[in-house]
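S.K.: What follows is a protein structure lacking sequence information:
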């Protein structure tokens, strides 16, 4: 297999775990920033969706108590941390 644009030293380091970790560490701030931004945008969209969902339940004639219960279940579905680490389901 020929790797274009790489010298022999770079070809030998392609599978070096230390080099891989070094590259990850060098890019870690960017990875964290992008992940955090995506997470915040998701949370904002989920919050907006929760309000719309609750309003639509009320518009369809569901009583306030039942609408709150359904909305809470809807909110729990958009909780990424709870969804990722809840293994009881």
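M.R.: In hand now; what should we look at? For clarity, every value in this text was computed on a predicted model and none was experimentally measured.

S.K.: Tell me the confidence at residue 9?
M.R.: With respect to pLDDT, residue 9 has a value of 57.

S.K.: Show the average pLDDT along stretch 78-89.
M.R.: 69.

S.K.: ok, then the element right after whichever strand or helix holds residue 26?
M.R.: Residue 26 is part of helix 17-59 when elements are defined by DSSP states H and E. Next in sequence after helix 17-59, counting helices and strands by DSSP H and E, comes helix 64-77.

S.K.: which other residues reach that following helix?
M.R.: 46, 49, 50, 53, 54, 57, 58, 62, 82, 83 (Cβ atoms under 8 Å, 6 or more residues apart in numbering). Using the backbone N, CA and C atoms, a C-beta is placed for each residue, glycine as well.

S.K.: Let's verify residue 83: helix, strand, or coil?
M.R.: Of the three states, residue 83 takes helix under DSSP: H, G, I helix; E, B strand; the rest coil.

S.K.: ok so, going back, could the contacts of helix 64-77 go into JSON lines alongside distance to residue 40 and neighbour count?
M.R.: JSON lines is the format used below for the contacts of helix 64-77 (distance: Cβ to Cβ, whole Å; neighbours: other Cβ atoms under 10 Å):
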{"residue": "46", "distance to residue 40": "11", "neighbour count": "15"}
{"residue": "49", "distance to residue 40": "15", "neighbour count": "13"}
{"residue": "50", "distance to residue 40": "16", "neighbour count": "15"}
{"residue": "53", "distance to residue 40": "20", "neighbour count": "15"}
{"residue": "54", "distance to residue 40": "22", "neighbour count": "19"}
{"residue": "57", "distance to residue 40": "26", "neighbour count": "19"}
{"residue": "58", "distance to residue 40": "28", "neighbour count": "15"}
{"residue": "62", "distance to residue 40": "31", "neighbour count": "15"}
{"residue": "82", "distance to residue 40": "17", "neighbour count": "11"}
{"residue": "83", "distance to residue 40": "17", "neighbour count": "11"}
